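>>> this one's structure only:
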């Protein structure tokens, strides 16, 4: 802003001769004014009122009247026939879903303006020092050119749970998987019926009957697509009886494509599950551990005779890390605030950068010459000098955040709308979006107005003081 | 501006009608100055349909014009019919006939005295072609105002034949078979049995309505629709417990309940037919459009089974559009009479994507086998067909995102073990909405 003000001033000083003849419109006006003997410049109050009248009428029709009517309407019930006094206002503070919206608005107001202002400040200070500052600023400012609705659609996709679609989860899963990748057979589980020889216990698959040496253990699993194991070797029964010196058995996928097959028996088409960790337990303690071969068989040699419980620990079945549930009830508000920051940080940066360029350089240089570190210059000189601009940005953001609507409406899926709801959205929904209660809606609108009002007054006062 | 494309559509239709359609002959003879009952009468009809649905409806209007000589103009209200009609009613310039997407609006406009009672001729058609339930549905304050002209069939389960073949699963006729055999077999074979669009709350209310109609029967269904029995009634508990048999098993739902709650309609249809991640989706006949977009062929890969019996009643829940007269003109009544008649219904039935609630419209008229199958279930269900309960409720309870029944059923999906808590929340919200 200041840059732009500075700009025209400099050439204006250079070219007074060129500027004057091109017609200064106020010169003829300024001349007759003293003739009228007025002590005031400009038109008479009557004329001023005449010219202001259209604007006043529009203001009256579009701002004053709606506010007054909303106040009036908020005192009536949904049909508009019965006077209910302040009941609508009372129910704002008793209804639990409306209280959620107030809580969410508080979170928004506390978090979003602060982050936007701080990020804007950081970007503004840093872009001052880099070469491609304009390009950088342009890119940061670009989200402002996108409508909030479109930004909402974009972030709905960004936060998609499926890492194949959602960028946020794609990044997180890639980072996660480079450190710990999931192995084994997520989703595999024993059948849930009485005949199944194994059952789930605390995530692990455990045989129901104790196994004896020399007697092959069968652990049929289901819940995987047979197509996933197309290339695996067919399952084989463990060569049990002949050796008799250890415990052996088979872990395999007991599913035949197209159905059929004998349950809990190894059919020729069925595939073995390779690489599964198998533990033999006795008295609750792990006595031996082995892994299945490609055909799904396992063998514990040199186990003391006795009966064992065979367990496939949970590590075989851990589901792949599927990213964060951004759009779930817990994270929805922070997620939407993230989208909001993406949109507005650039705006804050541009405003603050304009303020920054107006700071007297000598103060900064003096501090640097006195041996202040860059951090000290930033903390003690830049930020205090910028404080008025920062405050304006902050307050503007607070007002903006209080009436946030579109992002919440678009990003939150229907099922978490109640958890993500904010006052402005609730107001719309109650009065038009199916609620049909315009009395309550008007009460919410007035409540929102009361919340915004102090910040508006504060901002207007500031502007006035600046003008003086 | 709005009228222009409609006129174009009209011209296109006229051209199409000359292509050997059954309306061909009367359309031609309409130009002859014959003694038709409504010559020179102008009728305006407003409905929400656009695109193909509008073109199909205009075919019916064309047949009506040919028969009576009246001139009918169609106005599209857009998605929000109330927002379009409200100002026109208040301005004293309503269309002659409006097709309302919800019976709740019949009640609302009747309260505003905006509707005209149907003439004896229209009522005679209704008595002849509809069961008394539908007559009552279009009535308010003892007067008959509306007639259901178009139905959406909401008692269906769509399945993917490929997934059923791979798993060796069979369509089920009872709920127990569906849960313990069909779904279990699919799940064992590694395919999630159900894709739910739980982020769109109305898909859950549809599911509940089917289960409830089947377990509690049509009488209780009516009582619950009017909130004459509370949602804490044991019959509701039974229905919710049945639903919990699906909701409570995370391997039955694609992505578990958390995934389902983030999926909105029609993404779940894509998950079944496009991404082939799940095997079944429980939703209405209009899923067909999304099935087509996913590239699956209806009847080959995409098949339907009627919603299985959960209790004693084979459930048939319909949604649909109700025609009402906003002006007491001869033309308006004649058009409604035509729409309620067997004749009008059969013209409409020959167009794709239409299902008639009229029991005398023979299923043979429908162009696809699928629609024939649907029409058959409506006719065979006879007296026990019911209208979508959530659309009968005040919209603060049955039709608002994140509120009322939508929210409470979503919460129930999140925590299916808490049947009692879900019932209490439903009852609290219903009491609030019905009190108004």
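That came through, no problem. Quick caveat, the model's predicted, so the values are computed rather than measured. Residues are numbered from 1 along each chain as shown, chains lettered A, B, ... in the order given.
>>> rest of the way, CA atoms for contacts and neighbours
Will do.
>>> what does chain B put close to chain A?
When proximity is defined as Cα under 8 Å from any Cα of the partner chain, chain B approaches chain A at B:164-169, B:187-191, B:198-201, B:258-259, B:261-264, B:395-396, B:399-403, B:407, B:410, B:436.
>>> What subset of these is buried?
Buried members of the residues of chain B next to chain A, counted by 16 or more other Cα atoms under 10 Å in any protein chain shown: B:164, B:166-169, B:187-191, B:198-201, B:258-259, B:261-264, B:395-396, B:399-403, B:407, B:410.
>>> What's the local residue count around residue 77?
Went with chain A since none was named. For residue A:77, the count of nearby residues is 19 (other Cα atoms under 10 Å in any protein chain shown).
>>> my question was about chain B
The number of residues packed near residue B:77 is 20, by other Cα under 10 Å.
>>> what does residue A:304 give?
Neighbour tally, residue A:304, other Cα under 10 Å: 12.
>>> what about the residue lying closest to it once chain neighbours are set aside, distance to chain B?
Nearest non-adjacent residue to residue A:304, counting by Cα to Cα, 6 or more residues apart in numbering or on different chains: residue A:246, 7.8 Å away. Per Cα to the nearest Cα, to the nearest Å, residue A:246 is found 31 Å from chain B.
>>> correct me, but residue A:246 touches residue A:303?
Yes: here residue A:246 lies in contact with residue A:303, judged by Cα atoms under 8 Å, at a distance of 5.6 Å.
>>> Between these two, which has more neighbouring residues?
residue A:246 (20 against 15).
>>> what's the distance between that one and residue A:188?
26 Å (Cα to Cα, to the nearest Å).
>>> what's around the nearest residue to residue B:145 once chain neighbours are set aside, how many residues?
Using Cα to Cα, 6+ apart and skipping the chain neighbours, the partner closest in space to residue B:145 is residue B:117 (4.8 Å). Here the count is done by other Cα under 10 Å, and residue B:117 has 22 residues near it.
>>> Equivalent analysis for the one 5 residues further on, please.
Residue B:122 is flanked by 24 other residues according to other Cα under 10 Å.
>>> which SS state does it fall under?
Three-state call for residue B:122 (DSSP: H, G, I helix; E, B strand; the rest coil): helix.
>>> just the helices in the stretch 1-150 of chain B please.
Taking DSSP state H, counting those that start in this stretch, the helices of the stretch 1-150 of chain B run over residues B:3-17, B:24-29, B:51-68, B:81-90, B:103-111, B:120-129, B:132-137.
>>> Could you check the longest one and say which residues are buried?
Buried residues in helix B:51-68, defined by neighbour count with 16+ other Cα under 10 Å: B:54-68.
>>> just checking, what packs against it?
Packed against helix B:51-68 by the contact rule (3 or more Cα pairs under 8 Å, 6 or more residues apart in numbering or on different chains; DSSP states H and E) you find helix B:3-17, helix B:24-29, strand B:71-76, helix B:342-349.
>>> for chain A, which helix is longest?
helix A:96-127 (DSSP state H).
>>> quick check, that helix touching chain B?
No: if you take Cα under 8 Å from any Cα as the test, helix A:96-127 misses chain B, and the best it gets is 8.8 Å.
>>> Give the next helix or strand downstream of that helix.
Per DSSP states H and E, the first helix or strand lying C-terminal to helix A:96-127 is helix A:133-141.
>>> which residues sit against that following helix?
Here helix A:133-141 makes contact (Cα atoms under 8 Å, 6 or more residues apart in numbering or on different chains) with A:127, A:345-347, A:349-350.
>>> Next step: the residues you listed restricted to helices.
Going by DSSP H, the helices hold A:127, A:345-347, A:349-350 from the contacts of helix A:133-141.
>>> for those residues, which one is nearest chain B?
residue A:345 (28.1 Å; Cα to the nearest Cα).
>>> Just give me the neighbour total for the closest one.
24.
>>> give the contact list for it.
Residues in contact with residue A:345 (Cα under 8 Å, 6+ apart) are A:116-117, A:119-120, A:140-141.
>>> ok, the closest residue to residue B:277 other than its chain neighbours - contacts?
Leaving aside its sequence neighbours, residue B:277 sits nearest to residue B:271 (Cα to Cα, 6+ apart; 5.6 Å). Listed by Cα under 8 Å, 6+ apart, the contact set of residue B:271 reads B:195, B:277-278.
>>> Under the pLDDT cut-off, which ranges of the chain? List them.
Unless you meant another one, I'm taking chain A. By pLDDT under 70, the weakly predicted segments of chain A are A:1-40, A:181-183, A:239-245, A:434-435, A:468.
>>> Please refer instead to chain B.
Residues of chain B meeting the criterion pLDDT under 70: B:1-35, B:436.
>>> Show me the domain layout of it.
B:3-153+B:319-386, B:159-315+B:393-435 (automatic domain parsing).
>>> Can you tell me which of the ones you listed is most buried?
Of all the domains of chain B, domain B:159-315+B:393-435 carries the top mean neighbour count, a mean of 21, counting by mean count of other Cα atoms under 10 Å in any protein chain shown.
>>> how far does that domain stretch from start to finish?
One end of domain B:159-315+B:393-435 sits 40 Å from the other (Cα to Cα).
>>> what separates that domain from the chain centre, distance-wise?
Taking Cα atoms, centre = their mean, to the nearest Å, the mean C-alpha location of domain B:159-315+B:393-435 is offset from the chain mean by 16 Å.
>>> Just the helices from the stretch 251-400 of chain B, written as ranges.
In the stretch 251-400 of chain B, helices defined by DSSP H, counting those that start in this stretch lie at B:256-261, B:267-273, B:287-293, B:330-340, B:342-349, B:369-381, B:389-392, B:395-398, listed in chain order.
>>> packing partners for the fifth one?
Looking back up the chat, that one is helix B:342-349. helix B:51-68.
>>> tell me how far the helix it packs on is from the chain's mean position?
20 Å.
>>> Quick one: work out the angle between it and helix B:342-349.
Orientation of helix B:51-68 against helix B:342-349 (axes from the mean of the first three to the mean of the last three Cα atoms, to 10 degrees) gives an angle of 150 degrees.
>>> right, so of the helices of the stretch 1-150 of chain B, which gets closest to residue B:296?
helix B:51-68 (20.0 Å; Cα to Cα).
>>> Now do stretch B:273-284: everything it contacts.
Against stretch B:273-284 from outside (Cα under 8 Å, 6+ apart): B:152-160, B:163-164, B:186, B:191-196, B:203, B:206-207, B:254, B:268-272, B:291, B:294-296, B:302.
>>> Tabulate the domains of chain B (TSV), appending distance to residue A:157.
TSV is the format used below for the domains of chain B (distance: least, Cα to Cα, whole Å):
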stretch	distance to residue A:157
domain B:3-153+B:319-386	25
domain B:159-315+B:393-435	12
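>>> So which of these is nearest residue A:95?
Residue A:95 lies closest to domain B:159-315+B:393-435 among the domains of chain B, at 11.1 Å (Cα to Cα).
>>> And the residue of the stretch 1-150 of chain B that's closest to chain A?
Of all residues in the stretch 1-150 of chain B, residue B:83 sits closest to chain A, at 9.3 Å by Cα to the nearest Cα.
>>> Tell me who's in contact with that residue.
Contacts here follow Cα under 8 Å, 6+ apart; on that basis residue B:83 touches nothing.
>>> Could you report the distance from it to residue B:319?
20 Å.
>>> do residue B:258 as well
Residue B:258 is 28 Å from residue B:319, by Cα to Cα.
>>> Then residue A:386?
Computed as Cα to Cα, the residue A:386 to residue B:319 distance reads 61 Å.
>>> ok, now residue A:340?
Residue A:340 is 39 Å from residue B:319, by Cα to Cα.
>>> do residue A:49 as well
59 Å.
>>> same question, residue A:63
For residue A:63 relative to residue B:319 (Cα to Cα), the value is 42 Å.
>>> now swap in residue B:210 and tell me
Applying Cα to Cα to residue B:210 and residue B:319 gives a distance of 12 Å.
>>> Can you give me every residue that contacts residue B:164?
With contact taken as Cα under 8 Å, 6+ apart, residue B:164 is in contact with A:258, B:170, B:186, B:279.
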